[in-house]
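Visitor: After the sequence you'll find the predicted model.
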Amino acid sequence: MNAETLDEYTLWIEPKGSAHDTLKSTIVGLANVVGAPVFEPHVTLVGGIHLHQKEIMNAMKELAHGTGPIILTFNSIFATEAFYKSLGLECNENDQLNNLRLAAAQAFSIPLSGKAHLSLLYSNASQEIKTDLIRTLPSDILASATFTAHSISLWQAKGTADQWKKVTEVELFQA
């Protein structure tokens, strides 16, 4: 299998409903083509957290307090050499998302890296294969991926992506 392993906690924003279904079926389809791991669709707020779950959950509650629902839209499809950013959708920047990502990075003393995105494939496949895969994506993938996030989820990323487990979820709410 085309896979890498992790041992950390990550904070995500996950789509629900039709956006989840569309994105999950896209992830499964792409993974099946290249023998890659299947994972839940998400936008990572911050990864690389190495604290006890209780500490992380307390920080999550603080992050969620005063942050209402966030609308996520996407502006482009990308492919890179990085395994966990192999092929995906780049998020349109908005103040709510940027502020939440920055607050999460500060809460866990982790540098904020790269632009917000939603990965569709974790793989070491060649750029040529990824370019071919992009051509197979539905023409409305950017629009159909749009969703409103109502929560932050904590995932234990231990092992390969298909072994990761959701620990908890905290609702975003305005003060």
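Guide: Perfect, I can see it now.
Visitor: ok, and what's touching the longest helix seen in the chain?
Guide: If you go by DSSP state H, the chain has its longest helix at helix 17-34. Under the contact criterion Cβ atoms under 8 Å, 6 or more residues apart in numbering, helix 17-34 has outside partners 2, 14-15, 36-41, 87, 118, 120-121, 123, 125, 129, 133, 136-138, 141, 144-147. Any C-beta I mention is one placed from the backbone N, CA and C, and that applies to glycine too.
Visitor: and if we set it to 7 Å?
Guide: Under the contact criterion Cβ atoms under 7 Å, 6 or more residues apart in numbering, helix 17-34 has outside partners 2, 15, 37-39, 41, 87, 118, 120-121, 123, 125, 129, 133, 137, 141, 144-147.
Visitor: And stretch 69-86, by the same measure?
Guide: By Cβ under 7 Å, 6+ apart, stretch 69-86 touches 4, 13, 43, 87-92, 96-97, 100, 117-119, 121-125, 127, 130-131, 134, 137, 142, 145-150, 172.
Visitor: what sits up against stretch 148-157?
Guide: The contact list for stretch 148-157 (Cβ under 7 Å, 6+ apart) reads 6, 8-14, 45, 56-57, 60, 63-64, 69-72, 164-172.
Visitor: Can you say which of these are buried?
Guide: 6, 9-14, 45, 56, 60, 63-64, 70, 72, 164, 170, 172 (16 or more other Cβ atoms under 10 Å).
Visitor: now the helices: where do they sit in this protein?
Guide: 17-34, 53-64, 95-107, 127-136, 141-144.
Visitor: Would you format those as a markdown table with mean pLDDT and distance to T80 included?
Guide: Conversion of the helices of the chain to a markdown table gives the following (pLDDT from 0 to 100; distance: least, Cβ to Cβ, whole Å):
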| stretch | mean pLDDT | distance to T80 |
| --- | --- | --- |
| helix 17-34 | 97 | 15 |
| helix 53-64 | 95 | 27 |
| helix 95-107 | 95 | 19 |
| helix 127-136 | 96 | 8 |
| helix 141-144 | 96 | 17 |
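Visitor: Please convert those helices to TSV, extending it with distance to W155.
Guide: Shown next, in TSV, are those (distance: least, Cβ to Cβ, whole Å):
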stretch	distance to W155
helix 17-34	15
helix 53-64	10
helix 95-107	13
helix 127-136	24
helix 141-144	23
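Visitor: is the spatially closest residue to L89 that is not a sequence neighbour in a bridge, and if so with what?
Guide: Leaving out its chain neighbours, the residue that sits closest to L89 by Cβ to Cβ, 6 or more residues apart in numbering is F74, at 4.1 Å. When assigned by DSSP bridges, F74 has beta-bridge partners C91.
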